[in-house]
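Q: sequence and predicted structure, then a few things I'm wondering about:
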Amino acid sequence: MKQIYSSRILVLVMSATLLQLTACKKFLDEKPSASLTEEQVYGSEENLKLLISGLYNQWRTTRQDRSALYMSMGTDEAKQGGQQMREGSEQPALDKYDGAMNASNSIIAAEWNKRWPVISAAAKAIYYSPTADLKAQASFIRGSINFELAMLWGPIPIIDLENMKESRQPLADVFQFIINDLKFAAENLPPTQTDPKIPTSGAAFALLGKVYLYAPEESGLRDYNKAIENFDKVIPRYTLLPDYADLFNTTLNQNSSEIIYAFQFKNIAPDNNMIQNQAGSRAVADLNANVYFGGYDLAMPTPYYYEDVWEGLTGDRRRLASIRYDLTLPDGRIPGLTWTGQADELEPHIKKFEDIRTQGVQPFWYSGGLVYYLRLADILLCKAECLNEIDQTADAVNLVNSTVRARAFGGTLSGAEAWSTGMSKADFRIKMMDERVRELGFEGWRRMDLIRTGNFVNYVKDRNIWAKTSGTLQEFHKRYPIPESEIKQNENINPEDQNTGY
């Protein structure tokens, strides 16, 4: 991390970025970019706007192509396709949790390394920002990425130019740092933005509430009442779409009334998300590369997700909106062969990332629908969880029934579809875990949900076919290993600081 945090390197990189982003003659007439000081790069409001705009694009790469699906692997909602499991050892380890899930795993290292340059640059922007708005944007970015890193890797360094801590810090300190960033963002971001890639105060309040819900118990910062307090500042600002399927219809405006924050993509390179390229079926791709649901089986629904979790209730409209069961091509052909002979290429596939705009026009890797980060349905479910935990289970049930489940079943619930207000707190917890995967499958929250609820091992080892077959999944696997390259480069993280088990 020393290389990432180096002030001189960062100044050179950002100076070069500014030269690429601006055509102003004054820049070309001044000193070469390599001689710009850190204060010159970060001290200008104009420069900072350009730099923060670039940070949104860098952050977006963590939700693009394979990176968008890696963190779903090894859970009970996602599994890799059979052919993917035969191509090397490091990627299969994400599902198998075998010996290749280790500190030298290049996939885990790449995901770790994608995030730290963004955090480092955001920290610079926070320190030098001349306005509260720009500082709030950078704080939201830093807080969001730190939250993800701390949930998936555990204790992490705290990158703050006023109090730099480059060794792994206690979770209590890390989560308090995240909370402080998001509080500042919530207090200083406006309620609306003309540019949808820039977060609003609603996004900051929503994520702050989730942090209070998700914070590890050992941090001492999990607080259901504070979570509800923040959720209540968000919920009135947004409304659920009447039809769940419209969330994933790329021919509509996906920045809808339900969306609190989304990563912005479109089906034009380099702004295409390319997720369908990884989520679709090889069997379809073999017949026609311009069919919008073709792909390469990188991440597929587990049988638990595409079958068991739906309770036998065929009226739940989220099922057919989320999962493709029928691989019939638009011209009527039905794939009967696969490229590789792996039968699962003809099994159900995830549907949420399909982009019908590419049909017959562009290959499926040009998919470019929005990738949702925060939306109202998630926040409603999170609030219901918090109500249940403070012994208001009946209120929690009513909230779920009247909003998320009502929408799922077309607006009204039958007796079989409605949850009972008389259920126990423990029963509500179980049902909520299923409800979250029905509503939010493949939207990036499942691994964190499994970790925070203590269900990671028992759910995954039973529901993920590769983890079940391997039989090597253990409790320590709920955290990824700190990359070997990080330990070698960062003098403040030593081999003995590695996560237990690796």
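A: All right, it came through fine. Numbering: from 1, shown residues only.
Q: secondary structure element for the closest residue to S89 other than its chain neighbours?
A: Leaving aside its sequence neighbours, S89 sits nearest to A100 (Cβ to Cβ, 6 or more residues apart in numbering; 4.3 Å). Heads up, the C-betas are built off the backbone N, CA and C, glycines and all. According to DSSP states H and E, A100 maps onto no helix or strand at all.
Q: for N273, see how far away A100 is.
A: A100 is 27 Å from N273, where distance means Cβ to Cβ, to the nearest Å.
Q: of these two, who's got more company?
A: Using other Cβ atoms under 10 Å, the more surrounded residue of A100 and N273 is N273, with 27 against 16.
Q: residue contacts, that one?
A: 63-65, 68, 263, 265, 353, 367-369, 371 (Cβ atoms under 8 Å, 6 or more residues apart in numbering).
Q: so which of the residues you listed are in strands?
A: Counting by DSSP state E, the part of the contacts of N273 found in strands is 263, 371.
Q: show me the strands in the stretch 201-350 of the chain, by range?
A: In the stretch 201-350 of the chain, the strands defined using DSSP state E, counting those that start in this stretch lie at 259-263, 300-301, 323-324, 349-350.
Q: how far away from the center of its chain is the first one?
A: To tie it back to what came earlier, the one meant is strand 259-263. The chain centroid and the centroid of strand 259-263 are separated by 11 Å under Cα atoms, centre = their mean, to the nearest Å.
Q: just the residues contacting that strand, thanks.
A: With contacts defined as Cβ under 8 Å, 6+ apart, strand 259-263 is touched by 59-60, 63-64, 196-197, 199-200, 202-203, 206-207, 234, 238, 254-255, 273, 370-376, 379.
Q: what average pLDDT does whichever strand or helix holds K183 get?
A: Using DSSP H and E, K183 falls within helix 171-188. For helix 171-188, mean pLDDT is 98.
Q: neighbours around the residue nearest to P216 when sequence neighbours are not counted, how many?
A: Residue nearest to P216 in three dimensions, not counting chain neighbours: L171, with 5.4 Å by Cβ to Cβ, 6+ apart. Neighbours of L171 under the rule other Cβ under 10 Å: 20.
Q: now swap in the one 5 residues further on and tell me
A: Residue neighbour count, defined by other Cβ under 10 Å, stands at 17 for Q176.
Q: in contact with the closest residue to it other than its chain neighbours, which residues?
A: Using Cβ to Cβ, 6+ apart and skipping the chain neighbours, the partner closest in space to Q176 is L221 (6.5 Å). By Cβ under 8 Å, 6+ apart, the contact set of L221 is 172, 175-176, 179, 211-212, 215.
Q: what does G43 give?
A: Per Cβ under 8 Å, 6+ apart, neighbours of G43: 128, 130.
Q: next, it: phi, psi?
A: Backbone torsions for G43, taken as degrees, to the nearest 10, come to phi -80, psi -10.
Q: distance of it from K135?
A: 13 Å.
Q: for the residue most central in space within the chain, which three-state class applies?
A: What sits nearest the mean C-alpha location of the chain, by Cα atoms, centre = their mean, is G444, with 3.7 Å. Here G444 is recorded as coil under DSSP: H, G, I helix; E, B strand; the rest coil.
Q: next one: it, what pLDDT does it get?
A: 97.
Q: for the nearest residue to it once chain neighbours are set aside, give me its contacts.
A: Of all residues not flanking G444 in the chain, M71 sits nearest, at 6.5 Å (Cβ to Cβ, 6+ apart). By Cβ under 8 Å, 6+ apart, M71 lies in contact with 111, 152, 444, 447.
Q: which strand or helix spans the last one?
A: Yep, that's R447 we're talking about. According to DSSP H and E, R447 maps onto helix 446-453.
Q: average pLDDT for the next helix or strand after that helix?
A: Next helix or strand after helix 446-453 toward the C-terminus (DSSP H and E): helix 456-463. The average pLDDT for helix 456-463 rounds to 98.
Q: what does stretch 109-127 give?
A: The average pLDDT within stretch 109-127 is 97.
Q: quick check, I379 in contact with G209.
A: Yes - I379 lies in contact with G209 (Cβ atoms under 8 Å); the separation is 6.9 Å.
Q: mutual contacts of these two, please.
A: 231, 234.
Q: same drill for these two, tell me which one is more crowded.
A: Set I379 next to G209 and count neighbours by other Cβ under 10 Å: G209 wins out with 29 against 25.
Q: so what pLDDT did the more buried one get?
A: Looking at G209, its pLDDT is 99.
Q: which residues touch it?
A: 226-231, 234, 379, 382-383.
Q: which SS class is N499?
A: coil.
Q: any idea how many residues pack against it?
A: Neighbour tally, N499, other Cβ under 10 Å: 17.
Q: excluding chain neighbours, what is closest to it?
A: Nearest residue to N499, sequence neighbours excluded (Cβ to Cβ, 6+ apart): R479, at 4.9 Å.
Q: check contacts around the one you found.
A: Contact analysis of R479 by Cβ under 8 Å, 6+ apart lists 152-154, 499.
Q: how about 6 Å then?
A: If you count contacts by Cβ atoms under 6 Å, 6 or more residues apart in numbering, R479 has them with 153-154, 499.
Q: dump the contacts of G209 into CSV; add distance to G312 as well.
A: CSV is the format used below for these (distance: Cβ to Cβ, whole Å):
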residue, distance to G312
K226, 38
A227, 32
I228, 33
E229, 38
N230, 36
F231, 31
V234, 33
I379, 28
C382, 26
K383, 28
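Q: straight-line length of stretch 314-333, end to end?
A: In stretch 314-333, first residue to last residue: 26 Å (Cα to Cα, to the nearest Å).
Q: I'm done for today, thanks for sticking with me.
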